[in-house]
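Colleague: Quick one: sequence plus predicted model below, questions after.
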Amino acid sequence: MMLRALLTIGALQVITMLVLLVRTKTLALTLGPELVGVMAVIEKLLAVIAQTVSLSLPFAAVRFLPERWAAGPTAFNDLYTRMRNVLLALILAATVIALLITAWRPITWGAALLPYRDALIIALIGLPVVALVPFLQNVIAGRMEQNRSMLVAFLHALVVAVALLGVWWNGLAGYYAAYAALGVILVLGITHMAMSGISVSKPAPTPRFAMRLPTPIWRFSGALLILTFLSPFAALFIHYRLLSEHGAEAAGWMQAAIGISLSVRAVLGTAHSVFLTPNVNRGGSPVERMAWANNFQTTFCLIAGIALPPLLLFPDIAIFLLYSSAFLPGATFVMVFVLTEIVLLLSGTYQSLVIALDHMPFHVVTNLIAQLLVVVTAFYLVGPLGILGAGLAGLIAPIFLYFSTMIFLRRTYGLRLPAYLFARSVWLLLGLVATGLIGAYSQTHSLEALLFKLGIYILMVGGLALLLTGQERQRIREIFDGWRAKWM
């Protein structure tokens, strides 16, 4: 069940990634490293604004709506409507304020962005789309409809791909204008999808634009308020510091390396939000939820260990296919950014458990410490080490979060990672580091090099095979037997 669900979600996300590949490739060829680097900084700025003023309502949707869905459509509809109204009011106000600041005091966003003020103004118009799409996707996930939630991600990918037509019209500003226009249509369509098929009983009289939320949601959002700012700000700080210290071209090279890691997150990480989080919030004892999270993590490590080594062994090919030869200097740093995403996903499995068990103070404090570590590390390392320093700064946060979360669960509930899962996690990380280093420093494609890399991959997968549980072996045999019966 777990393996099939993750494979289905992953397959849907692969289709989405193919669409995003077209978008990334086109931007790389038409804009070049400099404007791609600037675009990365602008999008990080949009994320800071959108995530801060959203008050974690997209996250709250997947945290609280599954329980309301179980209670009935009327309860679900009431809470969803109020959350949507609050988010809409906040993001529209933030958009107006951000536009006024950019028009009258653009230096607020930093001197390095002054030459690109026109593009920034157009990008800010799309802020409501940036905030509402993830919220609506999580609303659908809150209905326990993971496949439809993934459809939202696919439709959003289509929007950003079609918005490329704006690049030929007016460069970076044209892209953001097309995205804002198409995004409004998308949001209207997803809003209809979020409530489709629900028969709601006649509710009691309520205000036309109800915005009163239950106290637990305000408490949840308030606890995460600082974090919703600091987390995207840390990412913005890294990008802006590299832009100002090493130039827009270096920022573009780093964005290419990050783009590979974001592809990994998109394919492997979507299951965390649309599958893992709703299920651990459905109820159960800490032991039961931990067992569910362990099963998820076990399957995740298996899939990651099979899928990622080829990518890390040939990062130059990945950069060339996803971007262009102008971005190849970023290939050397792909491993550190991919490793960051994987450690983040490994820690995120158990962070979702901490949140489901309502330990928000611990979650907030540890994440604040992690993001402060990122900012401090980036301040000292980006200048002398450039892209490598930026990658190391990003890696320190998930490492800290993983160990602090596991220690907390052990001390609070006596929950420990099973030995087989610990061994699989360690093997996965060691394998990713080894294949990443080989790929970074051996970018030749001679027959000897190819055979050597093939041997490393076989060793990696062989180690995972030895660590399979009996139940996994049986389930894999059943899947292959089913395929054989169907196609042979």
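Modeller: Perfect, I can see it now.

Colleague: which residues of the stretch 1-150 of the chain score low on pLDDT?
Modeller: Of all residues in the stretch 1-150 of the chain, those with pLDDT under 70 make up the ranges 1-17, 20, 144-147.

Colleague: cutoff 90 now
Modeller: Within the stretch 1-150 of the chain, the stretches with pLDDT under 90 are 1-32, 34-40, 55-83, 106-116, 134, 136-150.

Colleague: got the residue ranges for the helices in it?
Modeller: 2-53, 57-71, 73-104, 117-125, 127-142, 146-162 (DSSP state H, counting those that start in this stretch).

Colleague: winner for burial among those?
Modeller: With neighbours defined as mean count of other C-beta atoms under 10 Å, the helices of the stretch 1-150 of the chain peak in mean count at helix 127-142, which reaches a mean of 24. Glycine gets a C-beta too; all of them are placed from N, C-alpha and C.

Colleague: Now distance to residue 221 too, for the helices of the stretch 1-150 of the chain, in a markdown table please.
Modeller: Formatted as a markdown table, the helices of the stretch 1-150 of the chain follow (distance: least, C-beta to C-beta, whole Å):
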| stretch | distance to residue 221 |
| --- | --- |
| helix 2-53 | 11 |
| helix 57-71 | 6 |
| helix 73-104 | 9 |
| helix 117-125 | 23 |
| helix 127-142 | 12 |
| helix 146-162 | 21 |
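
Colleague: Which one, of these, ends up nearest to residue 374?
Modeller: Of all these, the one in closest proximity to residue 374, counting by C-beta to C-beta, is helix 2-53 (12.8 Å).

Colleague: Can you list the neighbours in contact with stretch 167-183?
Modeller: With contact meaning C-beta atoms under 8 Å, 6 or more residues apart in numbering, stretch 167-183 is reached by 26-27, 30-31, 35, 38-39, 116, 118-119, 122-123, 125-126, 128-129, 133, 159-160, 162-166.

Colleague: on that earlier part again, would you mind saying which of the helices of the stretch 1-150 of the chain lies nearest residue 408?
Modeller: The closest of the helices of the stretch 1-150 of the chain to residue 408 is helix 57-71. By C-beta to C-beta, the value is 18.5 Å.

Colleague: quick one: that closest one to helix 146-162, angle?
Modeller: For helix 57-71 against helix 146-162, the angle by axes from the mean of the first three to the mean of the last three C-alpha atoms, to 10 degrees is 150 degrees.

Colleague: Report all helices and strands that helix 57-71 contacts.
Modeller: Packing partners of helix 57-71 (3 or more C-beta pairs under 8 Å, 6 or more residues apart in numbering; DSSP states H and E): helix 73-104, helix 127-142, helix 215-271, helix 277-280.

Colleague: returning to that earlier point: out of the helices of the stretch 1-150 of the chain, the one nearest residue 437 is which?
Modeller: Proximity to residue 437, assessed across these by C-beta to C-beta, is greatest for helix 2-53 (24.4 Å).

Colleague: where exactly do the helices run in the stretch 351-488 of the chain?
Modeller: All helices of the stretch 351-488 of the chain, identified by DSSP H, counting those that start in this stretch, fall at 360-385, 387-413, 419-441, 447-466, 470-487.

Colleague: Alright, I will stop here.
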